[in-house]
Structures are given as structure tokens and as C-alpha cells.
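*Asks:* just a sequence and a predicted model for now, questions to come.
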Amino acid sequence: MEKRFKVLRIVGTIYKILAWITLILGTLSGLGMLGVSLLMGMRMARQLPRLYTFAPQAGMVGGIVGAIAILLLAILYSLFLYAAGEFIYLALAIEENTRETALYLRGKEEPLESLHN
């Protein structure tokens with residue numbers, strides 16, 4: 001049976017690829033933000049110990065919270081993109097099965113079970 005809707009298959013694959021790219025870049029961004037905030041917080045603590053006693057810790061805590069938020073959003077966005085790709089493939093599978101069933105009921109095609117035996 002011929003494969004139809006080739007562009008939809010490409011779009012579904014692109015969504016899945018974008019999901020992985022989003023996850024990888026989001027993870028790197030979150031880890032980068034965490035590293036920069038920790039390094040800058042430690043630098044501020046060494047350079048300005050008497051003037052800003054709470055500022056370095058606030059910067060580090062803000063960086064940690066921001067990094068966690070970036071990681072969670074990256075995971076969420078990648079799941080949505082991957083689910084969109086899977087939904088396209090689901091719709092294509094439903095269409096193929098419906099078309100195959102209609103052809104079988106008309107008597108124009110053998111069922112799949114008889115082809116495998």
C-alpha cells in the first residue's frame with residue numbers, strides 16, 4: 001500500500017527533531033545560567049564581603065531558581081513538540097488503517113494476517 005501525505009510525515013519528523021534540540025539547548029542554557037550565577041555570586045562574595053553581605057547569596061539563589069525554571073520549561077516544551085510529532089504519526093496510522101479496512105471490505109485487498117502466514 002502506498003504511503004500518502006509525505007509532507008505530514010516530514011512535519012512530524014521535524015517536530016520530533018525540534019523536541020530533542022529544545023531539550024538539549026534548554027538543558028545547556030539552564031546549566032550555563034546555574035554556572036554563571038554561582039561563579040558571579042562567589043566573585044561578588046570575595047570582592048565585596050563587607051558592603052554586600054546578602055547580595056551574593058541572593059544572586060546565587062536567583063540563579064539556581066532560574067536554572068531550575070529553564071530546565072523545567074525546556075522539558076515541558078520538548079514534550080509538547082514530541083507529542084505533536086507523535087500525534088501527526090497517529091493520525092497518519094489511523095488513515096492508513098482506515099483505508100486498508102475499506103479496501104478489504106470492498107474485496108480489493110487481502111487482510112494483513114493472510115499476507116504474513
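*Replies:* Received it, and whenever you're ready, just let me know what you need. Not measured: the values here are computed from a predicted model.

*Asks:* need the contact list for the nearest residue to residue 71 once chain neighbours are set aside.
*Replies:* The shortest distance from residue 71 to any non-neighbouring residue, by Cβ to Cβ, 6 or more residues apart in numbering, is to residue 30 (4.0 Å). Every residue, glycine included, has its C-beta placed from N, CA and C. By Cβ atoms under 8 Å, 6 or more residues apart in numbering, the contact set of residue 30 is 67, 68, 70, 71, 74.

*Asks:* could you do residue 5 as well?
*Replies:* If you count contacts by Cβ under 8 Å, 6+ apart, residue 5 has them with 92, 95.

*Asks:* hmm, back to that, roughly how far does the residue nearest to residue 71 sit from residue 43?
*Replies:* Using Cβ to Cβ, to the nearest Å, we find residue 30 at a distance of 21 Å from residue 43.

*Asks:* with residue 108 instead?
*Replies:* 75 Å.
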